[in-house]
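S.K.: Okay, sequence plus prediction incoming.
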Amino acid sequence: MEFISDTGIFFYPLLFCSVLLIYISIERALALRNSVILPDSFMVSLLDGSLGDTQQGNELGNRSLAGRLVEFFKTEANYKDEPLLKAFVQLEMSRLERGLYILEVITGIAPLIGLLGTVYGLTHVFGTFSIGSGFSEQSDFVSGIALALNTTILGLIVAIPSLAMHSYFQRRIDIIDSKLKLTIESLLSRKSHNTDA
């Protein structure tokens, strides 16, 4: 508790940042699960060549991104439109990235809030200093140094996990993007085979 009290008013914006960090991390972790994006059954059907079958689409339903993609592809108007299929995937990818920019902002501003607290604390310390008598109050000196150090520590405590989570989710989305590109190629290849037949 002493650590928190030593951070002064800078504790509250950093607390807000940490709450956002926790909320977005949990929400994105749930939203980017395999069962919600690309279920195992979908990837198996992609590899064995049965992707796009009516039965496969019914099994996936609209609960997953894979199911929505197959349903979108099976629509007659979309079946022949390759750019529209790619635009649909791009829209879904943008939905997957929702909220990640907030993690990026937290990564940037949390250390800056800590730095602001550091500067404020040092200003407070040297504001009580005079050449003739030195520091007038020992308690002001101690509280100013504590504020300077603790806000820096707290800012980094918030920023480091935010950076780690942003990097993790971005990597996860990159992998999903690669799988979706493979899926599009598989669907389009299957379409061309059916057309030729």
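M.R.: Done, it's in.

S.K.: Tell me how many other residues surround Leu154.
M.R.: Neighbour count for Leu154, taken as other Cβ atoms under 10 Å: 24. Glycine gets a C-beta too; all of them are placed from N, C-alpha and C.

S.K.: you'd agree it is up against Leu116?
M.R.: No: applying Cβ atoms under 8 Å, one finds Leu154 not in contact with Leu116, separated by 11.7 Å.

S.K.: Quickly list what's touching both of the two.
M.R.: Common neighbours of Leu154 and Leu116 (criterion: Cβ atoms under 8 Å, 6 or more residues apart in numbering): Phe10.

S.K.: distance of the residue nearest to Ala148 when sequence neighbours are not counted from Leu14?
M.R.: The shortest distance from Ala148 to any non-neighbouring residue, by Cβ to Cβ, 6 or more residues apart in numbering, is to Gly121 (3.1 Å). The spacing between Gly121 and Leu14, counted by Cβ to Cβ, to the nearest Å, is 14 Å.

S.K.: Work out the gap between the lengthiest helix in the chain and the centre of the chain.
M.R.: Secondary structure assigned by DSSP state H gives helix 138-196 as the longest helix of the chain. From the chain centre to the centre of helix 138-196 is a distance of 4 Å (Cα atoms, centre = their mean, to the nearest Å).

S.K.: and it, what does it pack onto?
M.R.: Packing partners of helix 138-196 (3 or more Cβ pairs under 8 Å, 6 or more residues apart in numbering; DSSP states H and E): helix 2-6, helix 11-31, helix 40-48, helix 65-74, helix 82-96, helix 100-127.

S.K.: Quick check: Arg172 touching Ala31?
M.R.: No: between Arg172 and Ala31 there is no contact under Cβ under 8 Å: 10.2 Å.

S.K.: what's stretch 19-39 in contact with?
M.R.: 40, 60, 63-66, 96, 98-100, 102-103, 106, 158, 161-162, 165, 169, 172-173, 176, 179-180.

S.K.: hey, which helix or strand in the chain has the poorest pLDDT?
M.R.: helix 54-60 (a mean of 47; mean pLDDT, DSSP states H and E).

S.K.: what's stretch 101-119 in contact with?
M.R.: 7-8, 10, 13-14, 17, 20-21, 24-25, 147-156, 158-159, 162-163, 165-166, 169.

S.K.: sorry, back to before: and Leu188, which of the helices and strands packed on helix 138-196 is closest to it?
M.R.: helix 82-96 (6.1 Å; Cβ to Cβ).

S.K.: quick one: buried residues of that closest one?
M.R.: The neighbour-count check on helix 82-96 (16 or more other Cβ atoms under 10 Å) flags Leu85, Phe88, Val89, Glu92, Leu96 as buried.

S.K.: Could you pull up the mean pLDDT of that helix?
M.R.: In this model, helix 82-96 has an average pLDDT of 83.

S.K.: Surely His124 and Val142 touch.
M.R.: No: here His124 lies out of contact with Val142, judged by Cβ under 8 Å, at a distance of 10.9 Å.

S.K.: quick one, which of those two is more surrounded?
M.R.: His124 (17 against 13).
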